[in-house]
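Undergrad: Predicted model follows, preceded by the sequence.
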Amino acid sequence: MSQIEIIAGAENGAIAAFVAERLHAALAVSAEVAITVPGGSTPFPIFEILAQSDLPWPRISVWPGDDRIVAEDHAASNVGKIRALLEPVGAKIVPLTETARPPHFALAWLGMGGDGHIASLFPNTDPQVDDPSPVRRLTPDPLPPEAPFDRVSLTIPSLVASDEVMFVIRGADKRLVFDAARAGENDLPVARFLSAFPRRVTCFC
Ligand SMILES: O=C1O[C@H](COP(=O)(O)O)[C@@H](O)[C@H](O)[C@H]1O
């Protein structure tokens, strides 16, 4: 079980500073590092701030932790929006595909849906902590009305291999779901992940 630090009420600037600090620490011991980041609505204002940081972006690979199966120029594409913000500063943006071989991530940044999904590991997809596949194509059920598409997602083992994990979760309703998950009071995808991840977790919520 992970050790979870809760940081409540953090502004986007403070979250961007945390990410930059963790990446600088990883880059102090590795020439190149990889980070996986979420999609949805929460992370993009933080990416905008992060893009202004002094990080050596050409040494950083950025992988979406999940994506909607749409063209990259579609409004629902996570990789398209990540690329628009972070490629201009020099980051290497790596689209997530079904055949991708994900690297070891220095930092896995996750969001969470109100239904307890992380990445695109929705409850109906029954994500397993010992999934032998690093990436899966999945169909959420129900399909979220704001993004009614099939998905591609890192699996729990791909995320568990990361050095450390951070969540950014907005809203009291989601906080209740997260708190129940970390207390072992539900079996949602977020709870399965937390039960399997043995290292540092920081939750901005
Ligand atoms: O569909 C998705 O939703 C979750 C949560 O997104 P948010 O809008 O609440 O920030 C996100 O973590 C995931 O990557 C995304 O594809």
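TA: Alright, I've got the coordinates. Numbers count the residues shown, from 1 in each chain.

Undergrad: what about residue 99, how many neighbours?
TA: Neighbourhood size, residue 99 [other Cβ atoms under 10 Å]: 7. From N, CA and C alone the C-beta is placed, and that goes for glycine too.

Undergrad: can you check the one 4 residues further on too?
TA: Neighbours of residue 103 under the rule other Cβ under 10 Å: 17.

Undergrad: where does it land on pLDDT?
TA: Note on residue 103: pLDDT of 98.

Undergrad: I figured it hits residue 36, correct?
TA: No. Contact status for residue 103 versus residue 36: not in contact, 9.1 Å apart, counting by Cβ atoms under 8 Å.

Undergrad: what about the helices in this protein?
TA: Along the chain, counting by DSSP state H, helices occupy 12-27, 44-50, 78-86, 156-160, 172-182, 189-196.

Undergrad: which neighbours do residue 103 and residue 36 share?
TA: Counting by Cβ atoms under 8 Å, 6 or more residues apart in numbering, the common neighbours of residue 103 and residue 36 are residue 63.

Undergrad: OK, contacts around the residue most central in space within the chain?
TA: Centroid-nearest residue in the chain: residue 110, 2.9 Å away (criterion: Cα atoms, centre = their mean). Counting by Cβ under 8 Å, 6+ apart, residue 110 touches 38, 65, 118-119, 159, 165-168, 193.

Undergrad: Check residue 175 too.
TA: 169, 205.

Undergrad: interface residues of the protein facing the ligand?
TA: Within reach of the ligand by Cβ under 6 Å from any ligand atom, the chain has these residues: 38-42, 65-66, 78, 111, 113, 119-120, 147.

Undergrad: give me that answer again for 5 Å
TA: Contact residues (Cβ under 5 Å from any ligand atom) of the chain with the ligand: 38-42, 66, 111, 113.

Undergrad: can I get the CA coordinates of stretch 11-25 in CSV?
TA: Extracted in CSV, the C-alpha atoms of stretch 11-25 (Å, rounded to 0.1, in the frame of the first residue of the first chain):
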residue,chain,number,x,y,z
GLU,A,11,-3.2,26.5,-6.8
ASN,A,12,-2.2,25.4,-10.2
GLY,A,13,1.1,27.3,-9.9
ALA,A,14,2.0,25.3,-6.8
ILE,A,15,1.2,22.1,-8.6
ALA,A,16,3.3,23.1,-11.6
ALA,A,17,6.2,23.9,-9.2
PHE,A,18,5.9,20.4,-7.6
VAL,A,19,6.0,18.7,-11.0
ALA,A,20,9.0,20.8,-12.1
GLU,A,21,10.8,20.0,-8.8
ARG,A,22,10.2,16.3,-9.2
LEU,A,23,11.4,16.3,-12.8
HIS,A,24,14.5,18.3,-11.9
ALA,A,25,15.3,15.7,-9.1
